[in-house]
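Participant: the following block contains a protein sequence and its predicted model.
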Amino acid sequence: MTAACAVWHGTDAQRVGAQGAGGPDAQTELTLVAPSLSETGFDAVIEGFRAGDPGAGLAVSAEYGASAEQSRKVAAGMPADAVAFTARPAMERVVHAGVVDPTWDTDATRGVPSASVVVLVVRDGDPLGIDGWDDLLRPDVDVVTADPRTSGVGMWNMLAPYAAAGDPHAGLEFIRMLVAGHLADGLVSDGPVSAGAATERFLDGAGDVLITVESEAMRIEGDGAPVQHVIPDATIRVEYPFAVSGRSGRPDAARAFMNFLYSAEGQRLWARSGFRPVDPGVAAEFAGEFPSPVRLYTIEDLGGWESVYPELFDGDDGAITRIFEEAGA
């Protein structure tokens with residue numbers, strides 16, 4: 001996916017503070033590196049941040065692209081004052097590269113200012129009557145998903161039915177059957193490398209069902225695409241991590257921006273953009289817009305990323321990685 005860049009420029013020459021510290025200079029420009037999947041949310045919170053005291057007079061440059069690719073670029077030295085990704089392994093890459101401090105996730109939300117859930121996007125009117133995970137294994141159903149070997153959302157897409165199956169053996173068997181016999185034509189050998197690429201394939205006519213995250217489903221519905229989404233009874237909570245770069249030359253401004261993401265105003269902007277807020281009070285305000293699944297799993301229910309990633313997604317020996325490779329991908 002081609003990266004996109006958006007810049008918001010400040011006009012007020014005042015100095016503002018972050019958490020009581022000396023404020024950033026009014027001419028400061030912050031650089032945010034983030035996934036394309038979060039573009040609508042970040043565009044909204046950047047506008048809101050700049051409209052208030054902490055962000056008045058700042059310029060914020062947002063560089064959007066595929067999450068895994070963005071993570072590799074930052075680890076290799078691409079400048080960033082703040083970073084956001086679609087899954088924790090991408091953040092761990094920049095932590096190991098020394099860009100982000102290892103304590104980035106020690107706040108109450110573990111470094112996650114917004115969330116989502118994995119859903120099933122179907123054609124308008126749901127002509128095949130897709131209701132949940134088992135429907136994906138029907139002989140008349142073809143599925144589109146981002147490749148979990150290259151996409152953070154692709155990993156979440158596989159973790160949802162894996163968790164819903166109830167035990168690891170059943171979860172892997174479901175994924176094996178899905179990958180071997182139900183991915184849309186061409187997706188085994190040439191799978192979408194990102195969530196955005198998977199969406200494009202689906203909107204271009206591939207498959208009957210797109211596995212993706214609720215925020216992406218709501219975005220394309222809002223854009224007028226002839227689709228709708230189904231929240232399976234059992235799915236997984238998707239967490240989008242965010243951190244300030246330890247190499248930022250504008251740490252006060254970067255922290256002020258981070259604080260805004262968690263503020264009530266920032267949380268409402270996330271919610272209005274299709275992302276589930278992490279603040280309980282704001283979440284209650286928007287409960288009607290974000291239905292609760294019957295069973296919502298978390299990554300911690302599966303043992304946390306520290307065990308999930310090596311067991312399921314390791315490039316050499318992960319169980320789900322092997323399933324995709326054995327299928328000929």
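Facilitator: Arrived safely, thanks for sending.
Participant: and the spatially most central residue of the chain, how far from Ser116?
Facilitator: With distances taken as Cα atoms, centre = their mean, Thr86 lies nearest the centre of the chain, 3.2 Å away. According to Cβ to Cβ, to the nearest Å, Thr86 stands 9 Å off from Ser116. The way it works is simple: take the backbone N, C-alpha and C, and place the C-beta from them, glycine included.
Participant: so for stretch 50-67, mean pLDDT?
Facilitator: In this model, stretch 50-67 has an average pLDDT of 86.
Participant: and it, how far from the chain's centre?
Facilitator: Computed by Cα atoms, centre = their mean, to the nearest Å, the chain-centroid distance of stretch 50-67 equals 19 Å.
Participant: biggest strand in this structure, by residue count?
Facilitator: Determined from DSSP state E, the single longest strand within the chain is strand 114-123.
Participant: what is that one packed up against?
Facilitator: helix 152-164, strand 209-213, helix 214-222, strand 227-230, strand 234-240, strand 276-277 (3 or more Cβ pairs under 8 Å, 6 or more residues apart in numbering; DSSP states H and E).
Participant: the helix or strand following the fifth one packs against which elements?
Facilitator: Remark: after strand 234-240, the chain's next helix or strand is strand 242-244, criterion DSSP states H and E. In this structure, strand 242-244 packs against strand 82-84, helix 251-262, with contacts taken as 3+ Cβ pairs under 8 Å, 6+ apart.
Participant: for Phe202, grab the count of nearby residues.
Facilitator: Summarising burial for Phe202: neighbours were counted as other Cβ atoms under 10 Å, giving 26.
Participant: would it count as being in a strand?
Facilitator: No. With DSSP: H, G, I helix; E, B strand; the rest coil as the criterion, Phe202 is helix rather than part of a strand.
Participant: so how far is Gly196 from it?
Facilitator: 11 Å.
Participant: ok, now Ile46?
Facilitator: 19 Å.
Participant: which parts of the stretch 51-200 of the chain are strands?
Facilitator: Secondary structure of the stretch 51-200 of the chain, counting by DSSP state E, counting those that start in this stretch: strands at 59-65, 82-84, 114-123, 143-144.
Participant: per-domain residue ranges of this protein.
Facilitator: 4-112+241-262, 116-237+292-326 (automatic domain parsing).
Participant: can you add distance to Leu269 and give these back as CSV?
Facilitator: Shown next, in CSV, are these (distance: least, Cβ to Cβ, whole Å):
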stretch, distance to Leu269
domain 4-112+241-262, 4
domain 116-237+292-326, 13
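Participant: which stretch in those domains is the model least sure about?
Facilitator: Minimum mean pLDDT among these: domain 4-112+241-262, a mean of 83.
Participant: for that domain, the distance to its chain's centre please.
Facilitator: Distance, centroid of domain 4-112+241-262 to centroid of chain: 15 Å (Cα atoms, centre = their mean).
Participant: picking that back up, out of the helices and strands packed on strand 114-123, which comes closest to Ser38?
Facilitator: Checking the helices and strands packed on strand 114-123 against Ser38 by Cβ to Cβ gives strand 234-240 as the closest, at 6.1 Å.
Participant: got the contact list for the closest one?
Facilitator: 35, 38, 84-88, 110, 112-119, 132-133, 153, 156, 159-160, 163-164, 213-214, 275, 293-299 (Cβ atoms under 8 Å, 6 or more residues apart in numbering).
Participant: so what strands line up beside that strand?
Facilitator: For strand 234-240, the paired strands and their directions (DSSP bridges) are strand 114-123 (antiparallel), strand 295-297 (parallel).
Participant: just those strands: most buried one?
Facilitator: strand 114-123 (a mean of 25; mean count of other Cβ atoms under 10 Å).
Participant: how much does that strand deviate in direction from helix 214-222?
Facilitator: 50 degrees (axes from the mean of the first three to the mean of the last three Cα atoms, to 10 degrees).
Participant: one step back: of the helices and strands packed on strand 114-123, which approaches Asp124 most closely?
Facilitator: strand 227-230 (6.0 Å).
Participant: now do that closest one: which elements does it pack against?
Facilitator: Counting by 3+ Cβ pairs under 8 Å, 6+ apart, strand 227-230 packs on strand 114-123, helix 214-222.
Participant: quick one: the first one to helix 152-164, angle?
Facilitator: What it means is strand 114-123. 80 degrees.
Participant: coming back round to it: adding mean neighbour count and distance to Phe257, write the helices and strands packed on strand 114-123 out as a markdown table.
Facilitator: Putting those into a markdown table (neighbours: other Cβ atoms under 10 Å; distance: least, Cβ to Cβ, whole Å) gives the following:
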| stretch | mean neighbour count | distance to Phe257 |
| --- | --- | --- |
| helix 152-164 | 27 | 22 |
| strand 209-213 | 28 | 23 |
| helix 214-222 | 21 | 20 |
| strand 227-230 | 18 | 30 |
| strand 234-240 | 25 | 15 |
| strand 276-277 | 24 | 17 |
